[in-house]
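Engineer: could you work out the structure for the sequence below:
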Amino acid sequence: MFNKDNVFITVNEEVSSMIQQYIIREIKKVLDKYKSITTEEISSVEKLINSISNEELKEEFLNDWSRSIKIAKEIGENEVDDRIISMYQNLKGNGLEELTIGHVINWCNELDEQGYVMIDDYSIIYKSSANLKDIAIELLDDMLDDAIYVDSLIDKDSLVEYWIEKTSKEEVIDDLIRGNNIEELLGLVPETIYEDEYNKYLYSEIDC
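Structural biologist: A predicted model of the protein is given here:
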């Protein structure tokens, strides 16, 4: 029987005395670890856990105190939900080391408004239901000023035809969008970073 601050644990008598010593030491380490937790840390983790409705996601955090306290501190006073937390974790996993919860909250607001958000010059997050035509027009308008992109987006025969007919850039963009799948046109290779009953939230770099 092991007693540490009124916690009693019975060690199976069939376990060797040496193993019992290891067990007791491991238990003591755990108890010492959780004894040092502050009230503020407990409150922040409780807030995190209570903000999660998905049981699988909640279980992930309940199984990892260090991870829970790290993200709980990052959240601070911000209001979060499954979408924000999942996107934060998955984007961090994609190498966005400087990412903060604040960034993700702002991006989610933009996603709710227009269905997509450029997170830098070369990366986009968008809903599976989003119409990407407007952002494609904006991106292509810049790309067609660069010979490298012109070469990758337009075949030589079409380029000659556009030149002979003095086709405007706006008309070229319209042709490109009308004749291609926009995801393929922009070289998107989407990865799902969150999914709910209405949408998949997709992340991709732009690689024309």
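Engineer: tell me, how many neighbours does the residue nearest to residue 82 when sequence neighbours are not counted end up with?
Structural biologist: The shortest distance from residue 82 to any non-neighbouring residue, by CB to CB, 6 or more residues apart in numbering, is to residue 54 (4.9 Å). Every residue, glycine included, has its C-beta placed from N, CA and C. Applying other CB atoms under 10 Å, we find 14 residues neighbouring residue 54.
Engineer: what do you get for residue 91?
Structural biologist: 21.
Engineer: how about the secondary structure of residue 201?
Structural biologist: strand (DSSP: H, G, I helix; E, B strand; the rest coil).
Engineer: ok, now which ones touch it?
Structural biologist: For residue 201, the contacting residues are 83, 87, 111, 125-128, 192-195, by CB atoms under 8 Å, 6 or more residues apart in numbering.
Engineer: which of those sits closest to residue 170?
Structural biologist: Using CB to CB, the shortest approach to residue 170 within the contacts of residue 201 belongs to residue 126, at 23.3 Å.
Engineer: tell me the secondary structure of the closest one, please.
Structural biologist: With three-state DSSP as the basis, residue 126 sits in strand.
Engineer: that one - nearest residue in space that isn't next to it in sequence?
Structural biologist: Of all residues not flanking residue 126 in the chain, residue 116 sits nearest, at 3.7 Å (CB to CB, 6+ apart).
Engineer: does the one you found touch residue 128 like I think?
Structural biologist: No - between residue 116 and residue 128 no contact is recorded; they are 10.7 Å apart, counting by CB atoms under 8 Å.
Engineer: neighbour count winner among these two?
Structural biologist: Ranked by neighbour count (other CB under 10 Å), residue 116 and residue 128 place residue 116 first, with 18 against 13.
Engineer: what's the longest helix anywhere in the chain packed up against?
Structural biologist: As assigned by DSSP state H, the longest helix anywhere in the chain is helix 17-35. Contact partners of helix 17-35 among helices and strands, from 3 or more CB pairs under 8 Å, 6 or more residues apart in numbering; DSSP states H and E: strand 2-4.
Engineer: contacts for stretch 72-83 next, please.
Structural biologist: 41, 44-45, 47-48, 51-54, 57, 100-102, 105, 108, 194, 196, 201.
Engineer: try it again with 6 Å
Structural biologist: With CB atoms under 6 Å, 6 or more residues apart in numbering as the contact definition, stretch 72-83 has outside contacts at 44-45, 48, 51-54, 101, 194.
Engineer: now rank those by neighbours and give me the top one.
Structural biologist: Ranked by the number of neighbours (other CB under 10 Å), the contacts of stretch 72-83 place residue 194 first, at 23 neighbours.
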